[in-house]
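Engineer: predicted model follows, preceded by the sequence.
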Amino acid sequence: MALGVPMRLSLQTDYALRTLLFLATRSGRTTVSDVAEFYGISAHHVGKVVHQLGKLGYVRNQRGPGGGIVLAKRPEAITVGQVVLDFEGNMHLLDCVGTAGVCVIQPGCSLLGVFAEAERRQVEYLNSVTLEALLPNPLDLAVFKG
């Protein structure tokens, strides 16, 4: 049985979640530079993520003077699980969970069921967590900056 990659989110997914969280704490438009500066990360990378978030319908982008980015959905309508799926695609703990015929013992293997159930529970949990549930009180991410 070939081992797949353990669930480890890409930097792009990490930045997407952080960007959405940042935007959810703002009442108006903000910029890619504001997001990047707040987290101390590359504005170029945030820009790429924001472009993808726009294509996926999570944010609205407006160019030019007075432009910027803003959430296109309410925070309670965005789940961590959907963002992960949109950026990572289906991720499996073992190759056999998502693909038939990759292992000679796959038809009767007990591990297949164990890891399939673990994935199901993980996805179920991530889909139950909304962006709204992650927001700090009061709505100011500055409480996280030390």
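Structural biologist: In hand now; what should we look at?

Engineer: wait, is Val70 part of a helix?
Structural biologist: No - counting by DSSP: H, G, I helix; E, B strand; the rest coil, Val70 falls outside a helix, being strand.

Engineer: surely it and Val59 touch.
Structural biologist: Yes - using C-beta atoms under 8 Å, Val70 is in contact with Val59, at 6.6 Å. Quick note: C-beta positions are derived from backbone N, CA and C, even for glycine.

Engineer: okay, and the common contacts of these two?
Structural biologist: Leu23 (C-beta atoms under 8 Å, 6 or more residues apart in numbering).

Engineer: look at these two and report which has more neighbours.
Structural biologist: Each of Val70 and Val59 had its neighbours counted (other C-beta atoms under 10 Å), and the higher figure belongs to Val59 (22 against 15).

Engineer: and for the more buried one, nearest residue in space, chain neighbours not counted?
Structural biologist: In this structure, Val59 finds its nearest non-sequential neighbour in Leu53, 4.5 Å apart by C-beta to C-beta, 6 or more residues apart in numbering.

Engineer: report the buried residues of the helix or strand in which the one you found is found.
Structural biologist: If you go by DSSP states H and E, Leu53 is part of helix 43-55. For helix 43-55, the neighbour count (16 or more other C-beta atoms under 10 Å) marks Val46, Gly47, Val49, Val50, Gln52, Leu53 as buried.
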